[in-house]
Structure formats: C-alpha cells, structure tokens
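Participant: Coordinates only, no sequence provided:
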C-alpha cells in the first residue's frame with residue numbers, strides 16, 4: 001500500500017510540474033540585462049520544468065528505474081494531451097518527444113552513478129537529460145529540417161544577434177535553446193539542495209538497488 005500511495009504521489013507531482021510548465025511557458029520574463037531583452041530568450045516555464053528531473057530522480061532513488069519509468073510515461077501522456085490542446089501538433093510532438101527521451105536518459109545516467117557520491121547521479125542525470133531535452137525540443141519545433149512535423153515558424157527562423165547582444169547572428173530559436181539550457185543547468189545545480197535535504201526522508205526501498213540494472 002505504501003508503494004502504491006507513494007507512486008501516485010510522484011505521478012501527481014510530475015503532472016503538476018508538466019501542467020505548470022505548459023502554463024508558465026506562455027509568459028516571457030520581463031526586463032533586460034546588458035541590453036538583452038529576457039523575454040526574447042526565456043519564459044517562466046524554463047524555471048519550473050527542471051523540477052521534473054527532481055521528481056524522476058527521487059522516484060528512481062526510492063523505487064528504482066522501473067517505477068521511475070512509469071512515472072515518466074504518466075508525465076509524457078499528460079504532456080502530449082496538454083500540448084495538443086494548447087499548441088500546434090508540431091510543438092506537441094517536440095514537447096512530448098523531448099520530455100520522454102530526456103527523462104529516460106536521466107534515469108539511465110542516474111542508475112549508472114547511483115552508487116557514487118550522493119550528488120553525482122542527480123546532477124549528471126539532470127544535466128545530460130536537459131541537454132537532450134533542449135536539443136530535441138528546439139530542433140523538432142523550429143529547425144527547417146523537421147518541417148515534416150508541421151509548418152515552420154517564420155519568426156523563430158528570422159536571424160537576429162545571437163542571445164540578443166552578440167555580433168554573430170543566428171535564427172532566433174538557437175538563442176532560445178541556449179537560454180533555455182543555461183537556465184536548466186542553473187536549476188540542476190540549485191535543485192541539488194532539495195534533493196540532498198530529502199535523502200534522509202526518501203530512502204531506497206530494499207529492492208531499489210537490485211532493480212538498478214533493469
């Protein structure tokens with residue numbers, strides 16, 4: 001019963017993160033830094049989404065990879081449904097694919113490092129998973145090569161100063177991707193704090209270590 005109850009708590013937390021991120025991604029950051037308009041680079045969703053990796057890592061730590069994958073699949077279903085309702089099919093495909101493969105990679109990396117120092121597994125898993133997530137989402141959503149997923153976004157493809165301030169120019173979606181990944185890296189570091197604080201509460205179940213090779 002404890003496993004079932006806790007499992008559904010993790011699903012609820014993952015659903016909350018996905019729903020919040022889909023809402024917050026609609027709101028650009030206000031203000032500017034060094035002449036760079038933050039709203040051209042980031043939305044508030046970039047700060048909420050990394051919590052998905054925290055939920056996945058805590059699930060993996062407590063129950064092992066098999067249960068963690070189930071939580072990710074539940075989050076994937078929610079992400080796809082919300083994206084198809086709130087966005088274009090191309091964005092939905094990009095969002096769902098990036099979420100699924102980014103989280104599954106996080107689980108794989110976490111398992112390989114789970115017996116090392118406590119911070120190695122969650123940090124490496126979230127950073128590597130975030131890199132794949134960012135690359136897949138922005139490429140699938142905006143790169144001309146993936147036009148078979150849906151029409152190109154002309155605004156995203158317009159060239160502009162890289163990151164809004166550099167002399168080199170690139171399509172806007174490249175700057176968006178760099179800004180998004182930068183925030184995910186920062187959040188991955190910051191979220192080590194709650195992960196470390198919860199280690200004494202979220203302890204591995206007896207079978208979790210045995211399932212790590214699954």
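Facilitator: Cool, got the structure. All values derive from a computational prediction rather than experimental measurement. Residues are numbered from 1 along each chain as shown.
Participant: which phi and psi does the nearest residue to residue 135 once chain neighbours are set aside have?
Facilitator: Leaving aside its chain neighbours, residue 135 sits nearest to residue 177 (7.4 Å; criterion: Cβ to Cβ, 6 or more residues apart in numbering). For glycine as for every other residue, the C-beta is placed from the backbone atoms N, C-alpha and C. Phi and psi for residue 177, reported as degrees, to the nearest 10, are phi -70, psi -40.
Participant: shouldn't residue 177 be in contact with residue 133?
Facilitator: No. Judged on Cβ atoms under 8 Å, residue 177 makes no contact with residue 133 at a distance of 10.5 Å.
Participant: Between these two, point out the one with more neighbours.
Facilitator: Higher neighbour count among residue 177 and residue 133: residue 133, with 28 against 21, using other Cβ atoms under 10 Å.
Participant: looking at this, the more buried one is in a helix?
Facilitator: Yes. According to DSSP: H, G, I helix; E, B strand; the rest coil, the state of residue 133 is that of a helix.
Participant: if we can go back for a sec, and the residue nearest to residue 135, what does it touch?
Facilitator: 134, 135, 137, 138 (Cβ atoms under 8 Å, 6 or more residues apart in numbering).
Participant: Against residue 138, how distant is it?
Facilitator: Residue 177 is 4 Å from residue 138, where distance means Cβ to Cβ, to the nearest Å.
Participant: got it, and residue 192?
Facilitator: With Cβ to Cβ as the criterion, residue 192 and residue 138 are 25 Å apart.
Participant: buried residues in stretch 106-126?
Facilitator: Residues of stretch 106-126 classed as buried by neighbour count (16 or more other Cβ atoms under 10 Å): 106, 107, 109, 110, 111, 114, 121, 122, 123, 124, 125, 126.
Participant: What's the mean pLDDT across it?
Facilitator: In this model, stretch 106-126 has a mean pLDDT of 95.
Participant: Would you tell me which helix is longest in the protein?
Facilitator: As assigned by DSSP state H, the longest helix anywhere in the chain is helix 89-113.
Participant: chain center to stretch 98-107: distance?
Facilitator: Distance of stretch 98-107 from its chain centroid, counting by Cα atoms, centre = their mean, to the nearest Å, is 8 Å.
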